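J.: Sequence below, structure please.
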Amino acid sequence: MAGRINALVALDDAIALIRAGAPLAIAGRKEALDQLPAGNWIGGTTPYFLTAEGGEIIDAGRVFVTDFSGLGAVTSHHYGADALQDITEEAPEHGFALAILPFQSQAHQRFAKEAGQYPLAFLKPTVGWIAGFDLGEEGAGAYVYDGSGSGAQSDGAAVLQIHLPEGMMPIVEIVNIFSSDGVDILRFEEASFSPHDVIVNGQKRLFADYIRERGFEGGQLPLVGDYSGARINASLRAVGDKTVDLYAPVFPGIDYAFAAPVEDYPSAFAAQFAEHDHDGAMWSCNCILNYLFGGLEGKTVGGVAGPVTFGEIAYQLVNQTLVQVRVI
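T.: Take a look at the predicted model:
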């Protein structure tokens, strides 16, 4: 797999790779992705990236390309919001699925709430990201592409089904710099992106009031859920007078707490990243909230490269994490 591309490239170079038949995952601005020809690729919109040289915002002259040549068969697909569980059902027995879903689409909402319940969710790995947009462009939307020539799609999932040769296997790594602050135990009564109430140490409260009392309305710190010892984040999107919107849903039956403060994002990520094995690293993504709150523009995170996203997928939707796939 030496020499595979996993980097920002000129738009013309991406077009040449597609025309040569390379199986690709591509990220960039809509204006760039709209110019790509049909082929064996999927894509999603974002202008934000981490590279080996540091975080940056790109124009429409470049896109980020991950080349999956040299593996087994790789095929591109589009799944509607009502068929998302087919992603894992149709995934190869020996390989993984790479999925991109548009932010705030029906597919995003459905996958976030339902993915953990798919029959094969944790038997066949699905990784990927939530496509976004330039936060400085009013009215901008998120789009995905399935390489068929049908153009930008604002709903559904664009997916690469990636078969691996015998003797190789995918390893999904989640780098999460956040841990519980240990102050309160929070619970929710239903699965929701917009919980109205929260149970704080057994007492029901208006969630927005609790957030303001703790001084967390700025959104820098996520909720951290305890999923049988695994730490899964749900990040704050907006806090109103009586409303709260999240980037990922909370679920009943899970103990949550707000995260402890992180003083230095780049150093914290570098330290956590160093604790993981990176042999065979093939693909990664990182969260837009880490990029913004961590001031990652111009800064490197352990040399990792990939799109900066509006949500990450590691079997299910996660937030404020770095997700990496290794093939060993």
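J.: For the rest of this, base every contact and every neighbour count on C-alpha atoms.
T.: Noted.
J.: check contacts around the nearest residue to residue 142 once chain neighbours are set aside.
T.: Nearest in space to residue 142, with sequence neighbours left out and distances taken as Cα to Cα, 6 or more residues apart in numbering, is residue 132 at 4.7 Å. Going by Cα atoms under 8 Å, 6 or more residues apart in numbering, residue 132 touches 44, 45, 46, 102, 103, 141, 142, 143, 309, 310.
J.: May I see those residues arranged in CSV, with secondary structure and neighbour count as well?
T.: Listed next are these as CSV, based on DSSP: H, G, I helix; E, B strand; the rest coil; neighbours: other Cα atoms under 10 Å:
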residue, secondary structure, neighbour count
44, strand, 31
45, strand, 32
46, coil, 28
102, strand, 29
103, coil, 25
141, coil, 19
142, coil, 24
143, coil, 29
309, strand, 32
310, coil, 26
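J.: mind showing which ranges of the protein have poor pLDDT?
T.: 1-3 (pLDDT under 70).
J.: mind giving me the domain ranges of it?
T.: 6-174+267-327, 186-258 (automatic domain parsing).
J.: Let me know which of these is tucked in deepest.
T.: domain 6-174+267-327 (a mean of 20; mean count of other Cα atoms under 10 Å).
J.: so where do the helices sit in the chain?
T.: 11-19, 30-33, 86-89, 106-114, 207-214, 265-274, 288-293 (DSSP state H).
J.: Select, out of the ones you listed, the one closest to residue 55.
T.: helix 288-293 (7.7 Å; Cα to Cα).
J.: what sits up against that closest one?
T.: 48, 55, 220, 265, 296, 297, 308, 309, 310, 311, 320, 321.
J.: Kindly list the main-chain dihedrals of the third one?
T.: Its backbone dihedrals place residue 220 at phi -70, psi -30, with angles given as degrees, to the nearest 10.
J.: From residue 266, how far out is the residue lying closest to it once chain neighbours are set aside?
T.: Nearest residue to residue 220 in three dimensions, chain neighbours excluded: residue 293, at 6.3 Å (Cα to Cα, 6+ apart). Distance from residue 293 to residue 266, counting by Cα to Cα, to the nearest Å: 11 Å.
J.: Please apply the same query to residue 92.
T.: From residue 92 over to residue 266 the distance is 36 Å, taken as Cα to Cα.
J.: Residue 106 now?
T.: Taking Cα to Cα, one finds residue 106 at 33 Å from residue 266.
J.: ditto for residue 68
T.: Taking Cα to Cα, one finds residue 68 at 28 Å from residue 266.
J.: Span of stretch 84-101 from start to end?
T.: 10 Å.
J.: which residues sit against stretch 167-186?
T.: 94-96, 125, 127, 198-201, 222, 224, 231, 255-262, 268-269, 272-273, 276, 314, 320-328.
J.: let's go with 6 Å and repeat that
T.: 199-201, 255-260, 321-328 (Cα atoms under 6 Å, 6 or more residues apart in numbering).
J.: can you pull out the strands in the stretch 151-300 of the chain?
T.: For the stretch 151-300 of the chain, the strands defined by DSSP state E, counting those that start in this stretch occupy 157-163, 170-175, 186-187, 197-200, 203-206, 223-227, 230-234, 236-239, 244-246, 255-258, 281-287.
J.: got JSON lines for those strands, with distance to residue 61 too?
T.: Compiled in JSON lines, the strands of the stretch 151-300 of the chain are given as follows (distance: least, Cα to Cα, whole Å):
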{"stretch": "strand 157-163", "distance to residue 61": "23"}
{"stretch": "strand 170-175", "distance to residue 61": "30"}
{"stretch": "strand 186-187", "distance to residue 61": "46"}
{"stretch": "strand 197-200", "distance to residue 61": "46"}
{"stretch": "strand 203-206", "distance to residue 61": "47"}
{"stretch": "strand 223-227", "distance to residue 61": "37"}
{"stretch": "strand 230-234", "distance to residue 61": "34"}
{"stretch": "strand 236-239", "distance to residue 61": "30"}
{"stretch": "strand 244-246", "distance to residue 61": "33"}
{"stretch": "strand 255-258", "distance to residue 61": "40"}
{"stretch": "strand 281-287", "distance to residue 61": "21"}
